[in-house]
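Participant: here is a sequence with its predicted model. Questions after.
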Amino acid sequence: MAAVARHRLTPWMLGVGAVTFLAGLLFGYDQGVISGALPLLQADLDLSTLESEIVTSWVTLGALFGALVAGATADKIGRRWTAVGAGVLFAIGAIVEAFAPDAGLLTVGRVITGLGVGFASVVAPLYAAEMAPKNLRGRFVSTYQLAITVGIFFAYLADDALTPDDRWRLMFALAIIPGVALSIGFLVMPESARWLLKMGRRDDARASLVKVDGPDVADAHLATLEADLVAEQQEGEARWSEVFSPGLRRALWVGIGLAVFQQVTGINAIIYYANEIFAEAGFTTAEQQAKATLYAVGATNVLATLVAVAWVDRFGRRPLLFTGLVGMAVSLAAVGFSFLALENQPDGEASTVGGIVTVLALVVFIASFAFSMGPIVWTLISEIYPNRVRGRAIAVATAVNWFSAFIVAQFFLSIVDAIGEATTFFIFSAFCVVTYAFVWRYVPETKGRSLEEIQERWVQNGDRMLEEPQ
């Protein structure tokens with residue numbers, strides 16, 4: 001049964017967007033803050049290359065474990081309380097980071113923060129997908145990615161302001177703000193009506209729909225959800241084995257593939273190590289590196305993501321992915337050639353030209369990623385799975401995404417030391433080409449389809465989903 005269309009934006013529906021935005025803000029600040037803090041940490045705590053990689057990357061290990069359990073937690077205690085827990089974990093981790101006396105305790109704080117990020121990265125897109133109208137679902141889920149970029153920008157802004165005084169502890173402490181705000185925001189918001197019905201709380205589910213949809217369509221939408229739930233109950237409770245069953249295998253591998261390719265095309269290597277990259281490109285002081293990171297990466301990321309939020313439900317998912325991947329591949333190759341020129345001609349003039357080319361190419365890369373592989377991947381992952389296993393399937397894809405992010409963050413500096421910056425960026429560019437082929441062959445167009453329609457088309461014929469709906 002198709003979902004009921006909803007057109008009027010109610011205050012509570014805007015609230016759904018607001019808490020989704022807070023979850024992304026939390027995620028983004030954690031991603032971005034380490035770029036400016038790392039050079040100060042290396043000087044203050046005398047970190048080696050390996051220790052720098054651990055402090056940077058182990059937040060993704062925490063996020064990995066958080067994502068693995070978040071789906072089951074969201075199904076058991078609800079989307080709302082899972083999100084509240086995410087905010088609490090994030091705030092606790094930020095406190096530990098801010099007061100850590102050494103690299104060991106700092107790493108512990110990073111892992112705790114990562115747990116909160118992992119929970120948020122699963123439950124926020126899930127909550128947005130279940131609460132938003134289908135004609136705006138892509139825009140609501142993409143709001144999460146926009147918020148990530150805003151969080152990264154705020155982190156870079158804090159880095160830029162605090163770097164001259166070496167105040168890395170305050171950089172981490174500021175993360176307490178989005179953590180507390182997320183918990184308070186979700187305490188105010190209603191629970192997902194889909195989950196409430198599943199728990200047998202029909203009156204609460206209707207009250208949630210009245211708040212978010214408005215009373216004019218709440219009863220009709222409730223009837224649709226009840227019909228879906230009856231069908232799910234007839235099939236029995238979802239099991240982990242079902243997530244990996246042959247009937248869902250194609251959808252599962254599409255989500256996993258997108259999760260991996262989002263990371264191995266280089267985004268978190270640049271987000272986490274932007275200052276290090278600009279240092280190699282000729283920006284000699286920490287202040288210069290922070291400024292370049294703030295504007296070339298942070299500001300560009302926010303502005304380009306606005307394109308995706310505005311156009312994802314008009315252009316569709318696949319066209320934005322194709323366009324972005326072309327820009328990513330070309331720009332990463334340009335960065336590679338720039339570093340190749342720097343290696344062969346290390347004089348001052350070459351360094352200046354190489355630095356300019358690197359900045360411009362990274363601007364193009366960030367812009368291309370921000371309207372394609374950034375938001376569209378999360379939109380698709382929240383859409384392509386059947387209702388009964390969506391929470392667990394999203395958790396699998398998100399956990400794979402975090403594991404891929406960990407691999408990139410853990411070994412990026414070591415790989416650069418081993419094969420050089422130029423070859424490393426050529427590899428990232430090649431992965432963009434592979435990703436383009438993967439999207440072309442396997443990734444469906446979901447624009448304009450309800451979650452139930454998407455489920456039916458997987459069952460009927462997965463290949464037909466590559467076509468746009470009429």
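Facilitator: That came in fine, so what should we check first? Numbering: from 1, shown residues only.
Participant: any chance you could map the helices in the stretch 301-450 of the chain?
Facilitator: 317-344, 348-370, 375-383, 390-419, 421-442 (DSSP state H, counting those that start in this stretch).
Participant: now these in JSON lines, with distance to residue 128?
Facilitator: For the C-beta atoms, the positions are set from N, CA and C on the backbone; glycine is no exception. As requested, these are exported to JSON lines (distance: least, CB to CB, whole Å):
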{"stretch": "helix 317-344", "distance to residue 128": "16"}
{"stretch": "helix 348-370", "distance to residue 128": "18"}
{"stretch": "helix 375-383", "distance to residue 128": "7"}
{"stretch": "helix 390-419", "distance to residue 128": "12"}
{"stretch": "helix 421-442", "distance to residue 128": "23"}
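Participant: quick one: which of the ones you listed is nearest residue 125?
Facilitator: Closest approach to residue 125 among the helices of the stretch 301-450 of the chain (CB to CB): helix 375-383, 4.3 Å.
Participant: what angle do that closest one and helix 421-442 make?
Facilitator: Using axes from the mean of the first three to the mean of the last three CA atoms, to 10 degrees, the inter-axis angle of helix 375-383 relative to helix 421-442 is 40 degrees.
Participant: so for helix 375-383, what gets flagged as buried?
Facilitator: Neighbour-count burial for helix 375-383, with 16 or more other CB atoms under 10 Å as criterion, is recorded at 375-383.
Participant: same question, stretch 219-230
Facilitator: For stretch 219-230, the buried set under the neighbour-count rule, 16+ other CB under 10 Å, comprises 221-222, 224-225, 228-229.
Participant: from those, which is closest to residue 426?
Facilitator: residue 228 (47.6 Å).
Participant: what about the closest residue to the closest one other than its chain neighbours, neighbour count?
Facilitator: With CB to CB, 6 or more residues apart in numbering as the criterion, residue 228 has its nearest non-adjacent residue at 5.9 Å, and that residue is residue 387. Here the count is done by other CB atoms under 10 Å, and residue 387 has 19 residues near it.
Participant: quick check: residue 387 vs residue 195, distance?
Facilitator: Here residue 387 is placed at a distance of 11 Å from residue 195 (CB to CB, to the nearest Å).
Participant: and the buried residues of stretch 219-230 as a markdown table, adding secondary structure?
Facilitator: As requested, the buried residues of stretch 219-230 are arranged in a markdown table below (DSSP: H, G, I helix; E, B strand; the rest coil):
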| residue | secondary structure |
| --- | --- |
| 221 | helix |
| 222 | helix |
| 224 | helix |
| 225 | helix |
| 228 | helix |
| 229 | helix |
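Participant: go through the residues you listed and name the one nearest residue 428.
Facilitator: Among the buried residues of stretch 219-230, residue 228 lies closest to residue 428 (CB to CB), at 41.3 Å.
Participant: I figured the closest one hits residue 386, correct?
Facilitator: No - with contacts defined as CB atoms under 8 Å, residue 228 does not count as touching residue 386, sitting 10.0 Å away.
Participant: that older thread, ok, which pair from the buried residues of helix 375-383 is furthest apart?
Facilitator: Spatially, the most separated pair among those is 375 and 383, at 12.4 Å (CB to CB).
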